[in-house]
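**Student:** kindly generate the corresponding structure for this input.
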Amino acid sequence: MPADIVATDARDLSGRLALGTVQFGLDYGINNTAGRPDDATVAEILHTAQAAGITLLDTASAYGDSETRLGHWLSQAQPEQKPFELVTKLAAGPAGHVWHALQTSLKRLRQPSVYGVLFHQFAGFRDKPAAWEVLCDAQTEGLVQRIGVSLYHPEEAEWLLANPMGVSLVQLPFNVLDQRFGPLLPALQQAGIEVHVRSAFLQGLLLRDPVTLPAFFAPLAPKIRQLRALAQRAGIPLASLLLLFAAYAPGVARAVIGVDTAANLRENLAAGAYTAPAEQLRPELQQLAEETTKFILPYTWPPRS
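**Tutor:** Numbering: from 1, shown residues only. Predicted structure coming up:
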């Protein structure tokens, strides 16, 4: 494939990605053995993302000191550099608490406003209307462009579609094994709700050699072997295939990815060279959907030993 085509595809992919920053503040992921990256590594990751054309960072007040570390880096950025847009997340609660939490996040991020604010849990969003009004007011005041909620179950998306409340942004899990939201993604898009998907690699589980799977995940080994065989047959790196499956799913605006190093980010961006052959595999990959939720919902997994 000519180099100019690869570069164009990579740039197109970067526009469909958001850089997740939970790794900046917490030890995160089933395959994480290195812990939190140091300041130099964080700076290199952010510079690499910026140079590649990634324009959105995803964080949360609950991600350790991620907001603080991002705010420090953003405050040091050169004026001529294109700034990142930011999405952060808060817990729903009493209106005063939500307002204080939003102001605290803006202070940590050293930003007058952000692109998006999400509530962490759907139940809090649905059951605390006063909390939602705070985000609506913040949107009216120009502190945030899009507001919404992080979803975990398809029935939550169905509720949003049936009860329009001004939600304009959601984040939800989507990957080769967890395709529960697949049929709802275009409907959310058509309703004016921007969809960001997370967990393209299922916290690294989909990248594991089936031989090394913990006993809990042993029933997934046949599907992971089949996934690896499909990638090998098409000549597509496994991580690239997984990322493209999520990023280009119909109805998806962005796929949130987390990395530990700049080299890891560059590997993800290189997936853009495989967009066309990966899309041809989508029907076969859709057949790998897993129905047993305990394997695809990380909060149901046993603790790491």
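**Student:** from residue 169, how far out is the residue most central in space within the chain?
**Tutor:** Geometric centre of the chain, nearest residue: residue 256, 2.4 Å, by CA atoms, centre = their mean. Going from residue 256 to residue 169 by CB to CB, to the nearest Å gives 12 Å. C-beta here means a position set from N, CA and C on the backbone, and glycine is covered the same way.
**Student:** find residues that contact each of those two.
**Tutor:** Residues touching both residue 256 and residue 169 (CB atoms under 8 Å, 6 or more residues apart in numbering) are residue 196.
**Student:** ok, back up a step: bridging residues for the residue nearest to the centre of the chain?
**Tutor:** Counting by DSSP bridges, residue 256 forms beta bridges with residue 18.
**Student:** doesn't residue 20 make contact with it?
**Tutor:** Yes - at 4.5 Å, residue 256 and residue 20 qualify as touching, with contact defined as CB atoms under 8 Å.
**Student:** which neighbours do these two share?
**Tutor:** By CB under 8 Å, 6+ apart, residue 256 and residue 20 have these common neighbours: 58, 198.
**Student:** ends of stretch 183-198, what's the gap?
**Tutor:** 16 Å (CA to CA, to the nearest Å).
**Student:** can you pull out the residues in contact with it?
**Tutor:** 18, 20, 58, 87, 146, 148, 154, 157-158, 160-161, 164, 167-174, 181, 246-247, 249-256.
**Student:** 7 Å instead?
**Tutor:** 18, 20, 146, 148, 154, 157-158, 161, 167-174, 246, 249-256 (CB atoms under 7 Å, 6 or more residues apart in numbering).
**Student:** buried ones in the host helix or strand of residue 232?
**Tutor:** Residue 232 belongs to helix 221-234 when elements are defined using DSSP states H and E. When burial is assessed from 16 or more other CB atoms under 10 Å, helix 221-234 yields the following buried residues: 223, 224, 226, 227, 228, 230, 231.
**Student:** do stretch 131-148 as well
**Tutor:** In terms of neighbour count (16+ other CB under 10 Å), stretch 131-148 has its buried residues at 131, 132, 134, 135, 138, 139, 143, 144, 145, 146, 147, 148.
**Student:** my read: residue 67 touches residue 106, true?
**Tutor:** No - proximity of residue 67 to residue 106 does not meet the contact threshold set by CB atoms under 7 Å, at 9.3 Å.
**Student:** looking at it, residue 247 is touching residue 257, isn't it?
**Tutor:** No - using CB under 7 Å, residue 247 is not in contact with residue 257, being 8.7 Å away.
**Student:** please enumerate the shared neighbours of those two.
**Tutor:** The contact sets of residue 247 and residue 257 overlap at residue 17 (CB under 7 Å, 6+ apart).
**Student:** neighbour-wise, which of residue 67 and residue 106 wins?
**Tutor:** Between residue 67 and residue 106, counted using other CB atoms under 10 Å, the more crowded position is residue 67 (26 against 21).
**Student:** contacts only, for the nearest residue to that one once chain neighbours are set aside.
**Tutor:** Computed as CB to CB, 6 or more residues apart in numbering, the closest residue to residue 67 that is not its neighbour in sequence is residue 108, at 3.9 Å. Neighbouring residues of residue 108 by CB under 7 Å, 6+ apart: 67, 68, 71.
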